[in-house]
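Take a look and give me a structure for this.
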Amino acid sequence: MKSELTNFHFIRAGMQKRRRRWLFVTAVLTISACLLCCLMLMLGNTIYPVNEVVRSLFGEQIQGVTFAVNTIRFPRMLAGVFAGFAFGVGGYIFQTMLRNPLANPNVLGITSGSSVAAVFCITVLHTSNAVVSVASVGAGLATVLVMYVLSKGKTFSIGRLILIGIGIQAMLDAFISYLLLLSAQQDISAALLWLSGSLNGVQLSELPPLMLTVLGLTPIAALYGKQLNMLELGEQTASSLGVATNKTRLVLIVWAVFLVAVATATTGPIAFISFLAGPIANRLVDIGASNIIPAGLVGANIVLIADLIGQFAFEYRFPVGVITGLIGAPYLIYLLIKMNRKGEL
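This next block holds a predicted model:
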């Protein structure tokens, strides 16, 4: 009896410690994102003081400041925060559910599906930005539906899903290249800018779908945090713990894909955010907790930092996706080497 009480107190103390660490890390990431947002609003060709930025945001007309802050910097900042959060949450869900750090929307072809639709609308149909956004979201959802149907079989297979996703990504990337080869010169630059992942030219009117999606779906995804952690233990273990695996997996996949697809439709496929955010959040918070919110905050921080670097660290300005690609590519190589040494490839 005494040993049982000791074990109970030990487990409870461990849970409380993880809870405190989760709260601390989440608070630090939130404060960091807020500070980066302030920098995004202040910095540019002209640096504006905080008081002028705040007055401008509250509607005061200040020559030069109001246009730069309200029309250019504020929408750019919001797009970075919400798109980064969406990519981070979507990537974390896929990596945790499929128990593989390579299983993220970029590798599985989901962002490629959205990109095909966007490039087709830009280069062939010459549609408006609104149509491009709707088409890319629909194509992303259709891509994951095809993947899920092909991988299901008699029983769901994680390995089968990843292999099918990689194959679909290769096929879709080839089709994107084909579209670009056939496109007129004036359309190629617009398509390449979209494909690179960029916050340039984002308008406030384009952001409500992304903001509503993130604010609406993230709490629902967080409610499935415990079930998601149980799925990471394996199919049989999760089922024995009372998790309706097929239903839970389908709900999480739909939520994650919708988040990633809407973010991709708004900013283009910003490289490696969904790949980096989950592992970094797990390292900061440690395993055993639902890191959906921390992963989203990590994604937002990475996008904001990368955009500031792309704007001010070089002689020329680079889209945010170029900077995140430079950050994420070495980590991908490191991860592949590490998994190969462990015999996981």
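
Thought Leu36 was touching Ile305, still the case?
Yes: under the criterion of C-beta atoms under 8 Å, Ile305 makes contact with Leu36 at 6.5 Å. From N, CA and C alone the C-beta is placed, and that goes for glycine too.

so what's Leu332 up against?
Phe272, Phe275 (C-beta atoms under 8 Å, 6 or more residues apart in numbering).

Run the chain-centre distance for stretch 40-47.
Taking C-alpha atoms, centre = their mean, to the nearest Å, the mean C-alpha location of stretch 40-47 is offset from the chain mean by 25 Å.

same question, stretch 160-175
19 Å.

Pull that stretch out as PDB, backbone CA atoms only.
Provided in PDB are the C-alpha atoms of stretch 160-175 (Å, rounded to 0.1, in the frame of the first residue of the first chain):
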ATOM      1  CA  ARG A 160       1.700   2.600 -47.100                       C
ATOM      2  CA  LEU A 161       0.300   6.100 -46.600                       C
ATOM      3  CA  ILE A 162       3.800   7.600 -46.500                       C
ATOM      4  CA  LEU A 163       4.900   5.800 -49.600                       C
ATOM      5  CA  ILE A 164       1.800   6.700 -51.500                       C
ATOM      6  CA  GLY A 165       2.100  10.300 -50.400                       C
ATOM      7  CA  ILE A 166       5.700  10.500 -51.600                       C
ATOM      8  CA  GLY A 167       4.700   9.000 -54.900                       C
ATOM      9  CA  ILE A 168       1.800  11.500 -55.300                       C
ATOM     10  CA  GLN A 169       4.100  14.400 -54.400                       C
ATOM     11  CA  ALA A 170       6.600  13.400 -57.100                       C
ATOM     12  CA  MET A 171       3.800  13.100 -59.700                       C
ATOM     13  CA  LEU A 172       2.300  16.500 -58.700                       C
ATOM     14  CA  ASP A 173       5.700  18.200 -58.700                       C
ATOM     15  CA  ALA A 174       6.400  16.900 -62.200                       C
ATOM     16  CA  PHE A 175       3.000  18.300 -63.300                       C
END
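
What lies in contact with that stretch?
Against stretch 160-175 from outside (C-beta under 8 Å, 6+ apart): 98, 100, 102-103, 107-110, 112-113, 115-116, 143, 146-148, 150-151, 153.

Can you point out the buried residues in the lowest-mean-pLDDT helix or strand in the chain?
One helix or strand of the chain scores below all others by mean pLDDT, DSSP states H and E: helix 235-240, with a mean of 78. Buried residues in helix 235-240, counted by 16 or more other C-beta atoms under 10 Å: Glu235, Ala238.

Repeat that for stretch 190-203.
Result for stretch 190-203 [16+ other C-beta under 10 Å]: buried residues Ala191, Leu192, Leu193, Trp194, Leu195, Ser196, Gly197, Ser198, Leu199, Asn200, Val202.

Could you work out the end-to-end span of that stretch for me?
Length of stretch 190-203, first residue to last, C-alpha to C-alpha, to the nearest Å: 16 Å.

residues making contact with that stretch?
So stretch 190-203 is contacted by 75-76, 79-80, 83, 115, 118-119, 122-123, 132, 176, 179-180, 183, 266-271, 303, 307, 319-322, 324 (C-beta under 8 Å, 6+ apart).

now with 7 Å?
Contacts with stretch 190-203, where a contact means C-beta atoms under 7 Å, 6 or more residues apart in numbering, come from 75-76, 79-80, 115, 118-119, 122-123, 180, 183, 267-271, 307, 319-322.

Take the residues you listed and keep only those in helices.
75-76, 79-80, 115, 118-119, 180, 267, 307, 320-322 (DSSP state H).

filter those to the buried ones?
Pro75, Arg76, Ala79, Gly80, Ser115, Ala118, Val119, Thr267, Asp307, Val320, Gly321, Val322.

and these as TSV, adding distance to Met230 and pLDDT?
Compiled in TSV, these are given as follows (distance: C-beta to C-beta, whole Å; pLDDT from 0 to 100):
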residue	distance to Met230	pLDDT
Pro75	39	95
Arg76	39	95
Ala79	34	96
Gly80	33	96
Ser115	33	90
Ala118	36	89
Val119	39	91
Thr267	33	91
Asp307	36	95
Val320	35	93
Gly321	34	90
Val322	38	90
